[in-house]
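1. Pasted the sequence and its predicted model underneath.
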Amino acid sequence: MFKHRNVSFFFLALALALIAPASYAQATRTWVSGVGDDANPCSRTAPCKTYAGAISKTAANGEISTLDPGGFGAVTITKAMTINGDGTLAGILSAGTTGIIVNAGVNDRVIIRGVSINGGGTGTNGIRYIAGKSLTVENVTIEGFTTRGIDMSLTTNGKLFVRNTKISDGVTGIFVTTTSGQAQAMLEDVHLTGLTTGIEASTNGRATVTDSNISGNTGNGILASTATSRMNIDVCQISFNDVAGVNATGVGAIVRLNGNHIVNNNAGISFVGGATMESTGNNRVAGNVSTTAPNATYIVQ
């Protein structure tokens with residue numbers, strides 16, 4: 001009996017030993033460090049080297065925190081989580097590729113905070129948001145990309161929140177579209193400068209831009225490019241854009257303006273026939289080569 005009991009205890013202990021690593025394989029909070037190693041468990045005292053290395057060790061709805069300055073590599077996010085670089089220099093250099101791809105589940109919320117993403121002049125997109133319930137981008141700098149700073153190209157409904165973020169040195173700062181439902185982008189205190197287009201709402205794209213600076217772009221500052229584009233622009237500085245400060249090129253597009261400074265652009269406000277530009281009557285439009293295009297709907301409310 002005693003011998004049988006010892007054997008039972010041995011197998012029980014062995015089973016627990018095998019189960020334990022699987023149970024603790026993913027942590028709610030993991031860490032990366034410039035001097036870390038992806039072979040580590042990504043704990044505070046044994047951090048990983050890259051965000052990609054920490055993903056598999058971070059539980060859904062968890063957070064990857066940045067311990068100290070470093071370059072942490074391009075990453076694809078496939079579940080609800082936060083990447084947090086606050087308080088340090090958290091960099092992603094993604095020459096020739098996309099810095100962060102968000103391809104998460106239908107109910108997943110992803111947050112990217114306090115990260116500098118640099119494409120080195122050859123990167124394609126800073127952040128590419130293709131699936132997930134919502135993406136929040138806070139205190140982020142994106143520069144040096146050949147396509148888009150933030151590419152929101154969905155196949156269903158989704159929400160993009162961008163706050164206190166600067167995007168420069170690229171083609172389109174923020175691009176918003178979906179093939180089904182609505183792609184909703186809400187921007188606050190965002191700087192879109194030194195680009196071709198500041199922000200473009202394309203098919204089924206909805207954008208609200210508040211307290212932001214969209215200036216110094218070689219094309220359009222604000223662009224509503226399709227019949228289903230809808231944009232609300234409130235209290236923004238829109239200046240020195242070489243084509244137009246605000247432009248609606250989609251027949252059926254609607255842009256609403258409130259309290260903006262639209263100054264020193266080639267065209268201040270431009271739109272095609274069949275588009276609608278609504279103004280609350282309190283926008284300052286001055287110093288532009290031209291103001292509005294003919295044969296279009298312009299409503300002052």
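-> Cool, got the structure. Predicted model only: the values in this text are computed from it and were never measured.

2. where in this protein is pLDDT low?
-> Scanning the chain for pLDDT under 70 picks out the ranges 1-25, 291-301.

3. Tell me where the longest strand sits in it.
-> strand 116-131 (DSSP state E).

4. Just give me how far it sits from the chain centre.
-> How far strand 116-131 lies from its chain's middle: 9 Å, per C-alpha atoms, centre = their mean, to the nearest Å.

5. just the CA coordinates of that strand, formatted as PDB?
-> The C-alpha coordinates for strand 116-131 follow below in PDB (Å, rounded to 0.1, in the frame of the first residue of the first chain):
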ATOM      1  CA  SER A 116       7.900  56.200 -32.300                       C
ATOM      2  CA  ILE A 117       7.500  54.400 -35.700                       C
ATOM      3  CA  ASN A 118      10.000  55.200 -38.400                       C
ATOM      4  CA  GLY A 119       9.900  53.800 -41.900                       C
ATOM      5  CA  GLY A 120      13.300  55.000 -42.800                       C
ATOM      6  CA  GLY A 121      12.000  56.300 -46.100                       C
ATOM      7  CA  THR A 122      11.200  52.800 -47.400                       C
ATOM      8  CA  GLY A 123       8.600  51.500 -45.000                       C
ATOM      9  CA  THR A 124       5.100  51.000 -46.500                       C
ATOM     10  CA  ASN A 125       2.700  51.900 -43.600                       C
ATOM     11  CA  GLY A 126       3.300  53.000 -40.100                       C
ATOM     12  CA  ILE A 127       0.200  51.300 -38.700                       C
ATOM     13  CA  ARG A 128      -2.100  49.100 -40.800                       C
ATOM     14  CA  TYR A 129      -5.400  48.400 -39.100                       C
ATOM     15  CA  ILE A 130      -7.200  45.700 -41.000                       C
ATOM     16  CA  ALA A 131      -9.400  43.900 -38.400                       C
END
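
6. in that strand, what counts as buried?
-> 116, 117, 118, 119, 123, 124, 125, 126, 127, 128, 129, 131 (16 or more other C-beta atoms under 10 Å). (Glycine included, C-beta is placed from N, CA and C.)

7. and it, which strands flank it?
-> Here strand 116-131 has these sheet partners by DSSP bridges: strand 90-93 (parallel), strand 100-103 (parallel), strand 141-154 (parallel).

8. Show me what the second one is in contact with.
-> Counting by C-beta atoms under 8 Å, 6 or more residues apart in numbering, the neighbours of strand 100-103 from elsewhere in the structure are 74-78, 83, 92, 110, 112, 115, 117, 126-132, 135.

9. one more time with 7 Å
-> 74-78, 92, 110, 112, 117, 127-132, 135 (C-beta atoms under 7 Å, 6 or more residues apart in numbering).

10. The last one now?
-> Contact partners of strand 141-154, identified using C-beta under 7 Å, 6+ apart, comprise 116-131, 137, 158, 160, 162, 166-178, 183, 185.

11. just how off-centre is it within its chain?
-> 8 Å.

12. now, which of the contacts of strand 100-103 sits nearest residue 191?
-> The shortest approach to residue 191 among the contacts of strand 100-103 belongs to residue 117, at 14.6 Å (C-beta to C-beta).

13. related to what we said a few turns ago, closest one of the buried residues of strand 116-131 to residue 288?
-> When the buried residues of strand 116-131 are compared for distance to residue 288 (C-beta to C-beta), residue 126 wins out at 29.7 Å.

14. where's the closest residue to the closest one other than its chain neighbours relative to residue 194, distance?
-> Leaving aside its chain neighbours, residue 126 sits nearest to residue 142 (3.6 Å; criterion: C-beta to C-beta, 6 or more residues apart in numbering). Going from residue 142 to residue 194 by C-beta to C-beta, to the nearest Å gives 12 Å.
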